[in-house]
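Q: test case, fold it:
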Amino acid sequence: MNLARIDLNLLVYLDVLLREKSVTKAANHLGITQPAMSNGLRRLRDMFGDPLLVRTSEGMTATARALELQPLIRTVLTEIDQVVQPREEFDAMTSKKVFRIMASDYAESALIPAVLKRLRAEAPGVILDVLTPSDVSFLDVEQGRVDMAINRFDKIPQSFHQRTIWEDSFSCLLSVHNPLVYDFTLDAYLNAHHIWVSKTGFGVGVGVNPKDVQRLGWVDEALAKLDKKRDISVFTRHYQVAMLLSQQRDLIATLPSRAAKLMLDNPNLVIKEPPFPIPSFELKMAWSPLLQNNSDHRWLRQLITQAAEGPDDVEIRARD
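A: Predicted coordinates:
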C-alpha cells in the first residue's frame, strides 16, 4: 500500500463510524454532510477490502476486520495528535481552565476538598466542574469531554489510562444511642437494620435487587462468604445521605473508612470496625488516551495524586 495515497482524514472517519455505528451520527459528530460520510465509508471499504460496517436487524454492525482495526486506529490517531499538539507548558497560576471531573459521592467527599485546597493555592483561576457518575458515559471520557473519572470501577475500557489514588478499608457508622455500641459482635450486626450505599461505574443507575448478592458489592459479598446476610432497610447512592441516616438509633451504615472519618467530630455518631473481614478496595482515576500527553492534564493528575497523599493518620476510635 502506498502511504502517500492514504487520506488520514479517512482514519478519523473510521474511528467515529466504529464508535457511533451510524453514518448520520458520525457525519453530525464531524460536522460534514451525510453524503460526504457515505463517500468516506465507500473509500474506506475500498482501502481495507472489507465492508467494515454492515446493516443488520440491530442497525449498523462492525465486521470482525473492523473490530480488529478499531484499537489500532485509535492508537494511530492518538499518536498523530501528540505529534501535532503544541508543546506549551501549562501555566497553573494564570490559567482560567475549567477541568471537568466525574467523581462518585465518596470521592467527592473524601478527595475533592483536598484537591480544591491545592487548587486555590497553586491555580487560583482554575475552575472545577464536578459531575456525578450518572452525568457521564464511557464515551464522554474516551472523547475527552470529561477530563477525569474518579471512582471505584468494576471495569473500564482497556484503552483508558488509569492510576490508583488510594486503597481504603471499611468502617461502620452508628448512632451513639444505638444499643449495639457496646456489643458490636457479628450476631448483633446481623440482627440490626442496615443502610446500603454504593455508586460505581458510569451511567444512570437502576433499582437494586436485594437478593442479588454479587451486585450488592464488597460488604455483602464478604458476608456471603461467611454464609451470612444482613437486613438492608435503605438503599442509597449517596454517602452523605447514608451518614445522615446512620444517626437513627436502629440503623448501621457500612462504608469506606475515609468517608466514615468525615464524621469523627459528629457527637451523634460512633465509628466501629466491622465485626467481620471485608477486603479493601482501590479508588482510581481514569482518563482518555487523547489527554495523556497534554501538559494541563499531566499537571492535574499530579495535583490529584499529591492531594491524595496528604495526611491520613487520624485514628478511628469508637466513642465509649
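
Q: Gly217 reaches Ser198, doesn't it?
A: Yes: counting by Cβ atoms under 8 Å, Gly217 does reach Ser198; the two are 5.0 Å apart. (C-beta placed from N, C-alpha, C; glycine too.)

Q: assign Leu180 to helix, strand or coil.
A: Following DSSP: H, G, I helix; E, B strand; the rest coil, Leu180 is assigned to helix.

Q: just give me the neighbour total for it.
A: Using other Cβ atoms under 10 Å, Leu180 has 20 other residues around it.

Q: excluding chain neighbours, what is closest to it?
A: Of all residues not flanking Leu180 in the chain, Ala188 sits nearest, at 4.8 Å (Cβ to Cβ, 6 or more residues apart in numbering).

Q: lowest-confidence helix or strand of this protein?
A: Least confident helix or strand, the chain: helix 213-216 with a mean of 56, by mean pLDDT, DSSP states H and E.

Q: immediately after it, which helix or strand?
A: Next along the chain after helix 213-216, taking DSSP states H and E as the criterion, comes helix 218-225.

Q: next, the buried residues of the next helix-or-strand element following that following helix.
A: Once the chain leaves helix 218-225, the next helix or strand it forms, by DSSP H and E, is strand 231-236. For strand 231-236, the neighbour count (16 or more other Cβ atoms under 10 Å) marks Val234, Phe235, Thr236 as buried.

Q: the last one and Val197 touch, don't they?
A: Yes: look at Thr236 against Val197 with Cβ under 8 Å: they come within range, at 5.2 Å.

Q: so what's in contact with these two at the same time?
A: Shared contacts of Thr236 and Val197, defined by Cβ atoms under 8 Å, 6 or more residues apart in numbering, comprise Ala242.

Q: TSV for the buried residues of strand 231-236, including distance to Gly310?
A: Output for the buried residues of strand 231-236, formatted as TSV (distance: Cβ to Cβ, whole Å):
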residue	distance to Gly310
Val234	32
Phe235	32
Thr236	28
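
Q: the residue nearest to Leu180 touches Tyr182, doesn't it?
A: No: the criterion here is Cβ under 8 Å, and Ala188 misses it with Tyr182 at 9.7 Å.

Q: okay, the two: which has more neighbours?
A: Shown here are Ala188 and Tyr182; by other Cβ under 10 Å, Ala188 has more neighbours (16 against 10).

Q: ok, now how distant is the more buried one from Asn266?
A: Ala188 sits 22 Å away from Asn266, going by Cβ to Cβ, to the nearest Å.

Q: then Met93?
A: According to Cβ to Cβ, Met93 and Asn266 sit 37 Å apart.

Q: who's more crowded, these two?
A: Taking neighbours as other Cβ under 10 Å, Met93 and Asn266 compare with Asn266 leading, 16 against 9.

Q: need the three-state assignment for that one.
A: Asn266 - assigned by three-state DSSP - is coil.

Q: need the contact list for Leu44.
A: Leu44 is in contact with Leu10, Tyr13, Leu14, Leu17, Leu52, counting by Cβ under 8 Å, 6+ apart.

Q: nearest to Met60, out of the residues you listed: which one, please.
A: Leu17 (8.1 Å; Cβ to Cβ).

Q: what mean pLDDT does the helix or strand harbouring Ala121 have?
A: Per DSSP H and E: Ala121 is located in helix 112-122. For helix 112-122, mean pLDDT is 94.

Q: report the buried residues of that helix.
A: Burial within helix 112-122, assessed by neighbour count using 16+ other Cβ under 10 Å, is assigned to Ile112, Ala114, Val115, Leu119.

Q: wait, which of the buried residues of strand 231-236 is closest to Gly31?
A: Looking across these and measuring by Cβ to Cβ, the closest to Gly31 is Thr236, at 41.8 Å.

Q: distance check, that closest one against Leu111.
A: Plainly put, Thr236 is 20 Å away from Leu111 if you go by Cβ to Cβ.

Q: now Ala123
A: According to Cβ to Cβ, Ala123 and Leu111 sit 17 Å apart.

Q: same check on Asn39?
A: Using Cβ to Cβ, we find Asn39 at a distance of 48 Å from Leu111.

Q: more neighbours: which of those two?
A: Leu111 (23 against 13).

Q: so the more buried one sits against Ala103, correct?
A: Yes: shown here, Leu111 and Ala103 form a contact pair, counting by Cβ under 8 Å, at 7.1 Å.

Q: so where's the stretch 101-250 of the chain shaky on pLDDT?
A: Along the stretch 101-250 of the chain, the parts satisfying pLDDT under 70 run over 199-215.

Q: what helix or strand is Ser171 on?
A: Assessed by DSSP H and E, Ser171 sits inside strand 170-175.

Q: beyond that strand, next helix or strand please.
A: Using DSSP H and E, the helix or strand that follows strand 170-175 in sequence is helix 186-191.
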